[in-house]
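> Sequence and predicted model, in that order:
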Amino acid sequence: MPAFPREELQQMIDRFVAANDRAGETGDWEPLGDFYTEDAVYSWNIGSKWEFRAEGRTQIRDWVFGTEMEGLGKWTYPYVRVLIDDQQGEVVGFWRQLAPLERPDGTTYEIRGTGGSWFRYAGNFQWSWQRDFFDHANAGAVFGELMQNGQLTPAMQERMKQGSRMPGWVKASDFDWYQTLG
């Protein structure tokens, strides 16, 4: 992994976080696809049996910021801490997952636990690799609570029904994400 000037990496993450914040405000996540190289890999774990993997800017735009965000319009993912490794050309950002809805008691729904993204920078203000991590069990609990309270969007209900038939879902045994580290 090549080294990059710290200032450039800081500019990159600042631009990305600003676009992430705009997407949360508007519910339009598709513009984030412009932050990835044509051959980028984006992945995350979905429990013990499944991984999500998108290869290339088109799949990232269509699946990560398309089908995987359906039903999550206006959710926000504010970054609370960013760590930059200019020698490796990598960034790790920690974020929260907040729903635009309140519980009957007035508190905001939040997927608790540690959420974050590990990025590899490719230069030219684009990521070549991203691995997200979050507490999958807490996410399931929040979506279950939303459903029980009649607040889970129809689009998210449909996504949950589709489960492993969603685009990009691969069996964990068929995808060794460590190999994508390069």
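Sure, I can see it. All figures in this text were calculated on a predicted structure; none of them were measured in a lab.
> and the most far-flung residue of the chain relative to its centre, what element?
Farthest-out residue of the chain from its mean C-alpha position, per C-alpha atoms, centre = their mean: Asp105, at 28.3 Å. For Asp105, there is no host helix or strand (DSSP states H and E).
> Quick check: it vs Glu145, distance?
12 Å (C-beta to C-beta, to the nearest Å). (Each C-beta comes from the backbone N, C-alpha and C, glycine too.)
> Next: Tyr79.
Tyr79 is 25 Å from Glu145, by C-beta to C-beta.
> again, but for Asp86
Asp86 is 41 Å from Glu145, by C-beta to C-beta.
> With Glu158 instead?
From Glu158 to Glu145 the distance is 18 Å (C-beta to C-beta).
> Kindly report the same for Glu102.
Glu102 is 12 Å from Glu145, by C-beta to C-beta.
> Tell me the residues that contact both of those two, please.
Between them, Glu102 and Glu145 share these contacting residues under C-beta atoms under 8 Å, 6 or more residues apart in numbering: Tyr109.
> Packing partners of the helix or strand containing Lys161?
Here Lys161 sits within helix 154-162, counting by DSSP H and E. If you count contacts as 3 or more C-beta pairs under 8 Å, 6 or more residues apart in numbering; DSSP states H and E, helix 154-162 packs onto helix 136-148.
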